[in-house]
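A.B. asks: Pasting the sequence and the predicted coordinates here, then a few questions.
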Amino acid sequence: MTSRTTTRTRTGLLATAVAAALAVTATGPAGAAPVSTNGPAAAVRFVAHLDLNDGQRPENITLEPGGGAVVTFAYSRQVARITPDGRVHVLTTLPEPPAGSVTPALTSPFLGGVVRTHDGTLYFLYATGSSDLTGLWRLRPGGTPQRIAALPADGLPNGLALDERGGLLYAADSVLGTIWRVPVSGGTPTAWSTAPELAADGFLGANGIKVHDGAVWVSNLDRGTVLRVPVTRRGTAGPVQTRATGLVDIDDFAFTGRGDTLLAAINKDNEVARVEPGGRHTVVLTAADGLQGPTSLAVRGSTAYVASAAYFTDDDPNLLSARIVPGA
């Protein structure tokens, strides 16, 4: 995430790996050199070119059955569906905050992480600097948005992860350096982890977040790290494990399969990196492939979807897809 202008200083992404080594391969737009890969070539496909003038800067993404995607538009306060043929349908617009409200770190109201349950219910995070609106929101199919959990107005709820089996949601607060846990039914949030590894170091800390293989995984934007926080038998947070370092400006991330290989969106550098279980990372997509400040990723099967908000380029916010293929 970033501010409406260029106040954002760091971003990135993370993804998990399948048991075998994986590589994202792509051939960029006409005239662009293909990304270096270890497997058969796979073309990048633009799912949608979005409207900068309408504030269509996608901050986070969740996938729908049938090939569609739902995104949050960070500063237009909108949740929207992007169909497989690239059409954009606004599902809801969140209320404007009271006059004088200032969102921590970003100033403007910010719509962050979004997840989807099997019945089509959407959950998303909204930060405004005001206590009446900041928190976790829910949108049921055909319904209206409802805040189901209040979060601190002096924080910045950013990434959101779903444990559907456990009926829990985890929210990463980038300003307070906290992982909040909330039941999907709503209620009072629990500060599940406030480990020092989650804290900011100048701008924003805990950012992207995923539930994977018995743990909550988090990226720290300022520190360029990927962290694994085990879920204990009692459901509490175990000791933080640092799984990768040196990922400057890491934003959101997505796992590629059942293992611990990751794909990460590096916003300011217009890159997607593959992060292997040992922490080694390799750039696999760049601006030459159409990236314009990638903010988030989602993976379904052998396809990775990358949302770009063009925070720094102010050119072509978009959603593209690339095929994940086995590496050599």
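C.D. replies: That came through fine.

A.B. asks: Strands along the stretch 51-200 of the chain, start to end?
C.D. replies: 58-63, 69-73, 78-82, 88-93, 110-116, 122-127, 135-139, 146-150, 157-163, 168-173, 178-183, 190-193 (DSSP state E, counting those that start in this stretch).

A.B. asks: Turn these into TSV, including mean pLDDT and mean neighbour count.
C.D. replies: Any C-beta I mention is one placed from the backbone N, CA and C, and that applies to glycine too. Listed next are the strands of the stretch 51-200 of the chain as TSV, based on pLDDT from 0 to 100; neighbours: other CB atoms under 10 Å:
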stretch	mean pLDDT	mean neighbour count
strand 58-63	98	24
strand 69-73	98	27
strand 78-82	98	20
strand 88-93	98	14
strand 110-116	98	25
strand 122-127	98	26
strand 135-139	98	22
strand 146-150	98	17
strand 157-163	98	24
strand 168-173	98	27
strand 178-183	98	22
strand 190-193	98	18
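
A.B. asks: Tell me which of those approaches Trp217 most closely.
C.D. replies: Closest approach to Trp217 among those (CB to CB): strand 157-163, 8.2 Å.

A.B. asks: max-length strand in this protein?
C.D. replies: If you go by DSSP state E, the chain has its longest strand at strand 318-326.

A.B. asks: Next, the buried residues of that one.
C.D. replies: Neighbour-count burial for strand 318-326, counted by 16 or more other CB atoms under 10 Å, picks out Asn318, Leu319, Leu320, Ser321, Ala322, Arg323, Ile324, Val325.

A.B. asks: what residues are up against the nearest residue to Leu111 once chain neighbours are set aside?
C.D. replies: Leaving out its chain neighbours, the residue that sits closest to Leu111 by CB to CB, 6 or more residues apart in numbering is Thr72, at 4.4 Å. Counting by CB atoms under 8 Å, 6 or more residues apart in numbering, Thr72 makes contact with Pro58, Glu59, Asn60, Gln78, Val79, Ala80, Leu111, Gly112, Gly113, Val114, Phe124.

A.B. asks: contacting residues around the last one?
C.D. replies: Going back to what we said before, that points to Phe124. Contacts of Phe124 by CB under 8 Å, 6+ apart are Asn60, Thr72, Val79, Leu111, Gly112, Gly113, Val114, Val115, Leu136, Trp137, Leu139, Leu160.

A.B. asks: and the gap between the nearest residue to it once chain neighbours are set aside and Arg138?
C.D. replies: Closest residue to Phe124 apart from its sequence neighbours, by CB to CB, 6+ apart: Val114 at 4.2 Å. Using CB to CB, to the nearest Å, Val114 is found at 11 Å from Arg138.

A.B. asks: Now list whatever residues contact both of those two.
C.D. replies: Leu122, Tyr123.

A.B. asks: contact partners of stretch 92-103?
C.D. replies: Residues contacting stretch 92-103 (CB under 8 Å, 6+ apart): 76-79, 109-111, 126-130, 132-133, 137, 139, 144-145, 156.

A.B. asks: how about a cut-off of 7 Å?
C.D. replies: The contact list for stretch 92-103, computed with CB atoms under 7 Å, 6 or more residues apart in numbering, reads 77-79, 109-111, 126-130, 133, 139, 145, 156.

A.B. asks: same question, stretch 224-244
C.D. replies: Contacts for stretch 224-244 (CB under 7 Å, 6+ apart): 12, 14, 179, 192-193, 195, 197, 214-220, 245-248, 250, 262, 275, 279, 281.

A.B. asks: repeat for stretch 156-175
C.D. replies: Residues contacting stretch 156-175 (CB under 7 Å, 6+ apart): 1, 103-106, 110, 112-115, 117-118, 123-125, 127, 136, 151, 155, 179-184, 192, 200, 204-211, 216, 218, 221, 252.

A.B. asks: Can you give me the end-to-end span of it?
C.D. replies: Using CA to CA, to the nearest Å, the end-to-end distance of stretch 156-175 comes to 5 Å.

A.B. asks: Check the offset of that stretch from the chain's centre.
C.D. replies: Put simply, stretch 156-175 sits 11 Å off its chain's centre (CA atoms, centre = their mean, to the nearest Å).

A.B. asks: swap in stretch 252-269?
C.D. replies: 10 Å.

A.B. asks: Quote the end-to-end distance of stretch 222-237.
C.D. replies: End-to-end distance (CA to CA), stretch 222-237: 22 Å.

A.B. asks: buried residues in that stretch?
C.D. replies: Asp222, Arg223, Gly224, Thr225, Val226, Leu227, Arg228, Val229, Val231, Ala237.
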